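Undergrad: Fold the stuff below for me.
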Amino acid sequence: MSEIKRHQSARMWREIDALRYQKVGQLRAKYLEVFRQESRSNHKQFLVRRIAWRLQANAEGDLSERARQRAVEVAEEADLRIRAPQSFLKEHAERNRDPRLPAAGTRLTRQFKGHTVSVEVLEKGFRYGEQVYRSLSAVARHVTGVQWNGFAFFNIGAEPRDGS
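TA: Numbering: from 1, shown residues only. So this is what the prediction gives:
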């Protein structure tokens, strides 16, 4: 590496290092200087990274035109999605079902203050009376009026305790 190139590189790295100590207003001014447009961001770390990237690209050379063209081709060929397909979400949700839950259609019962509490397990949720609840805890809260762990209330997934 030539002496001139080494000196320019050292100067660039000092300038990049100094960015960390600048305030957001100073970084926004530097951003305007190197990109020739206003930054829409006030996020310090983002500004430091973008400015450092531009300084390095200016000093050592940017992407070749061939690399830029290939990046555009790859981006155009990509099947970009904002959300996963519904089929994937449904399959994923089924695999993540809590293993402590009994199969859909099962009826859970429990005595509470002299009344029988009977809940039907659905594919998504639990039916108590005429209403569907998202969780067993919501059913237990409705029945008792206080916060309960639904599994504990219906004694699911735990060994029966002595004296129950």
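Undergrad: which residues are in contact with the top strand by length along the chain?
TA: Among the segments of the chain that qualify as a strand by DSSP state E, the longest is strand 115-122. For strand 115-122, the surrounding residues in contact (CB atoms under 8 Å, 6 or more residues apart in numbering) are 101-111, 126-128, 132, 136, 139, 143, 154. Quick note: C-beta positions are derived from backbone N, CA and C, even for glycine.
Undergrad: Within its sheet, name the partner strands of that strand and how each one runs.
TA: strand 107-112 (antiparallel), strand 125-128 (antiparallel) (DSSP bridges).
Undergrad: Compare these and give me the one nearest R54.
TA: Comparing those against R54 with CB to CB, the closest turns out to be strand 125-128 (52.4 Å).
Undergrad: chain center to that closest one: distance?
TA: On the basis of CA atoms, centre = their mean, to the nearest Å, strand 125-128 sits 29 Å off its chain's mean C-alpha point.
Undergrad: Return the set of buried residues in it.
TA: Across strand 125-128, burial judged by 16 or more other CB atoms under 10 Å covers 125-126, 128.
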